[in-house]
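Novice: structure for this input, please:
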Amino acid sequence: MFGIGFPELVVILILALLVLGPQRLPELARAIGRAVAELKRATQDLKDEMDAEIRKADDAVQAKIHNEPPVSREEKTADPSRTTPDPTSGRMS
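Specialist: Residues are numbered from 1 along each chain as shown. I've put the predicted structure just below:
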């Protein structure tokens with residue numbers, strides 16, 4: 001990720017152990033782990049929110065192109081009245 005290989009990581013851990021001591025090193029590792037987990041969670045939440053907004057905008061554009069009122073993807077799949085003709089049988093699918 002940062003160009004740090006295994007030998008560099010070992011040196012950093014040894015220095016941290018010498019500077020912080022064996023009692024504080026696990027506490028620091030837990031705090032860093034929690035911070036990284038929270039950052040990942042916040043990043044995923046932001047990504048999910050952005051994806052939802054993009055899908056909503058895409059649905060609105062598609063509806064505008066086809067001169068239909070905007071309908072969410074969930075409503076399209078859940079609405080049984082929105083059926084399309086089956087070209088092979090001539091019936092509604």
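Novice: mind telling me what element residue 35 is part of?
Specialist: Using DSSP states H and E, residue 35 sits within helix 6-65.
Novice: report all helices and strands that that helix contacts.
Specialist: Using 3 or more C-beta pairs under 8 Å, 6 or more residues apart in numbering; DSSP states H and E, no helix or strand is in contact with helix 6-65. Quick note: C-beta positions are derived from backbone N, CA and C, even for glycine.
Novice: let me see the mean pLDDT of that helix.
Specialist: In this model, helix 6-65 has a mean pLDDT of 91.
Novice: and what about residue 3, helix, strand or coil?
Specialist: Secondary structure, DSSP: H, G, I helix; E, B strand; the rest coil: residue 3 is coil.
Novice: quick one: contacts for it?
Specialist: Residue 3 is in contact with no residue at all, counting by C-beta atoms under 8 Å, 6 or more residues apart in numbering.
Novice: any idea how far it lies from residue 9?
Specialist: 11 Å (C-beta to C-beta, to the nearest Å).
Novice: and for residue 49?
Specialist: Per C-beta to C-beta, residue 49 is found 34 Å from residue 9.
Novice: do residue 29 as well
Specialist: Note on residue 29: its distance to residue 9, by C-beta to C-beta, is 13 Å.
Novice: quick one: which of those two has more around it?
Specialist: residue 29 (13 against 10; other C-beta atoms under 10 Å).
Novice: burial count for residue 25?
Specialist: With other C-beta under 10 Å as criterion, residue 25 counts 15.
Novice: surely it is in contact with residue 15?
Specialist: No - assessed by C-beta atoms under 8 Å, residue 25 is found out of contact with residue 15, at 10.8 Å.
Novice: what's the neighbour count on residue 18?
Specialist: Neighbour count for residue 18, taken as other C-beta under 10 Å: 10.
Novice: and what of the one 3 residues further on?
Specialist: Taking other C-beta under 10 Å as the neighbour definition, residue 21 ends up with a count of 9.
Novice: next up, the contacts around it.
Specialist: Contact criterion C-beta under 8 Å, 6+ apart gives no residues in contact with residue 21.
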